[in-house]
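Participant: dropping the sequence and predicted coords here.
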Amino acid sequence: MSALGELRTLKGQQSTDKRDTKVAYLFLLPWFAGLFLITIGPMAASLYLAFTDYNLIQPPEWAGLDNFQRMLTDDRLHNSLKVTFLYVFISVPLQLALALALAVLLDRGLRGLPLYRSIYYLPSLLGASVAIAVLWRQIFGTQGLVNQILALVGIDGRGWISDPSTALGTIIILNVWTFGAPMVIFLAGLRQIPRMYYEAASTEGAGRWRQFRSVTLPLLTPIIFFNLVLQLIHAFQSFTQAFVVSGGTGGPSDSTMFYTLYLYQSGFQNFDMGYASALAWLLVIIIGVFTAINFYASKLWVFYDD
């Protein structure tokens, strides 16, 4: 009799588990719908279009590797890659360095820390917005705030955005200015470092700079690596700043022609969606390669205390 009761209990539990599983899938259904309809579906379509000649009006025609062969002789594409690489390899290290410096400063227990943290984080929320990009264009314009300040000390300014030698620099400054997100992550990482390490280093006579190099940086390398990967991917995908600041043209002499901006022009201005799809997949490959390099190189410099 007891065995029969246990069997009934087991069947009841199995029935409850099946019902809970169905309920769980029901709640996950919107996520699965978004995954297939918004992510996987468009990615599969763009992969197909990358091998076609498609102008958004006529049906796509199979073109094989023509779009990828065209990339080898596309001078504007090569220039956009150069501009994007300069932007990424200059702005990301500067942004992370500034974010880490401010995180270390705020970690010292300043009065009103939540207020400072919110103020410094605010640019990260607004930096990629159209409004901030328009404001940036006004600040660095011929009659902008920068030139007005320079005029006070007798220096004649220039059109920082209209000058090919400085246009990219203004957008780099804008990206560096949005240091709030990595700063908050750095600050959280600093709070997790045990104080006993600093006490031991201080006992051995290490000053603040030596403590920073020998204690803070090694224990913070996982956070640095995390921020580096995220900001690198984000920088490669930058579009709004370049589009608004340059007016969608790529700036003087294509000096701010980011890769994403050239992709947009190819697909939605020149209606060459097949080529634009191929460009999109090239960007996926570039980001994937640099991410893989970062993960491989992390074995050489990222320290995990376990």
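Facilitator: Noted; the coordinates are in hand. Residues are numbered from 1 along each chain as shown.

Participant: you'd agree Arg83 is in a helix?
Facilitator: Just to correct that, residue 83 is Val rather than Arg. Yes. Using DSSP: H, G, I helix; E, B strand; the rest coil, the assignment for Val83 is a helix.

Participant: contacting residues around it?
Facilitator: Residues in contact with Val83 (Cβ atoms under 8 Å, 6 or more residues apart in numbering) are 168, 254-259. (Each C-beta comes from the backbone N, C-alpha and C, glycine too.)

Participant: how about a cut-off of 7 Å?
Facilitator: 168, 255-258 (Cβ atoms under 7 Å, 6 or more residues apart in numbering).

Participant: can you put these in CSV and add distance to Pro218, neighbour count and secondary structure?
Facilitator: Supplementary listing: these in CSV, determined by distance: Cβ to Cβ, whole Å; neighbours: other Cβ atoms under 10 Å; DSSP: H, G, I helix; E, B strand; the rest coil:
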residue, distance to Pro218, neighbour count, secondary structure
Leu168, 34, 23, helix
Ser255, 39, 21, coil
Thr256, 38, 27, coil
Met257, 40, 24, coil
Phe258, 35, 28, coil
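
Participant: I'd like those laid out as CSV, including pLDDT and distance to Thr240.
Facilitator: Formatted as CSV, these follow (pLDDT from 0 to 100; distance: Cβ to Cβ, whole Å):
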residue, pLDDT, distance to Thr240
Leu168, 92, 15
Ser255, 90, 17
Thr256, 91, 12
Met257, 93, 15
Phe258, 95, 10
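
Participant: which of the residues you listed sit farthest apart?
Facilitator: Comparing every pair within the contacts of Val83 by Cβ to Cβ identifies Ser255 and Phe258 as the most remote, at 10.5 Å.

Participant: next SSE downstream of the lowest-mean-pLDDT helix or strand in the chain?
Facilitator: Least confident helix or strand of the chain, by mean pLDDT, DSSP states H and E, is helix 113-126 with a mean of 68. Downstream of helix 113-126, the first helix or strand assigned by DSSP states H and E is helix 130-139.

Participant: now that following helix: buried residues?
Facilitator: Residues of helix 130-139 classed as buried by neighbour count (16 or more other Cβ atoms under 10 Å): 132-133, 135-137, 139.

Participant: what's the answer for stretch 237-252, then?
Facilitator: Buried, per 16+ other Cβ under 10 Å, within stretch 237-252: 238, 241-246, 250-252.

Participant: the helix or strand where Ile173 lies vs helix 130-139, what angle?
Facilitator: Applying DSSP H and E as the criterion places Ile173 in helix 167-177. Interaxial angle, helix 167-177 versus helix 130-139 (axes from the mean of the first three to the mean of the last three Cα atoms, to 10 degrees): 130 degrees.

Participant: can you name every helix or strand that the helix or strand following helix 167-177 contacts?
Facilitator: Next helix or strand after helix 167-177 toward the C-terminus (DSSP H and E): helix 180-191. Secondary-structure packing of helix 180-191 (3 or more Cβ pairs under 7 Å, 6 or more residues apart in numbering; DSSP states H and E): helix 75-106, helix 113-126, helix 217-236.

Participant: out of the ones you listed, which comes closest to Thr21?
Facilitator: helix 217-236 (33.6 Å).

Participant: what's next to the following helix or strand past that closest one, contact-wise?
Facilitator: Following helix 217-236 in sequence order, the next helix or strand is helix 240-245 (DSSP H and E). Applying Cβ under 7 Å, 6+ apart, the contact partners of helix 240-245 are 128, 130, 133-134, 136-137, 161, 170-171, 174, 256, 258, 261.

Participant: now flag whichever of these is closest to Ala63.
Facilitator: Nearest to Ala63 among these is Leu261, at 23.8 Å by Cβ to Cβ.

Participant: secondary structure class for the closest one?
Facilitator: helix.

Participant: tell me, what residue is most central in the chain?
Facilitator: With distances taken as Cα atoms, centre = their mean, His234 lies nearest the centre of the chain, 1.4 Å away.

Participant: how close does Tyr262 sit to Trp281?
Facilitator: 14 Å (Cβ to Cβ, to the nearest Å).

Participant: no no, Pro42
Facilitator: 12 Å.

Participant: also Arg195?
Facilitator: 49 Å.

Participant: out of those two, which sits in the busier spot?
Facilitator: Taking neighbours as other Cβ atoms under 10 Å, Arg195 and Trp281 compare with Trp281 leading, 17 against 7.

Participant: what helix or strand is the more buried one located in?
Facilitator: Going by DSSP H and E, Trp281 is in helix 273-301.

Participant: domain-wise, how is this protein divided?
Facilitator: 2-49, 66-301 (automatic domain parsing).

Participant: weakest of those in terms of mean pLDDT?
Facilitator: Mean pLDDT per stretch puts domain 2-49 lowest among these, at a mean of 77.

Participant: Leu28: which element?
Facilitator: Leu28 belongs to helix 2-34, assigned by DSSP H and E.
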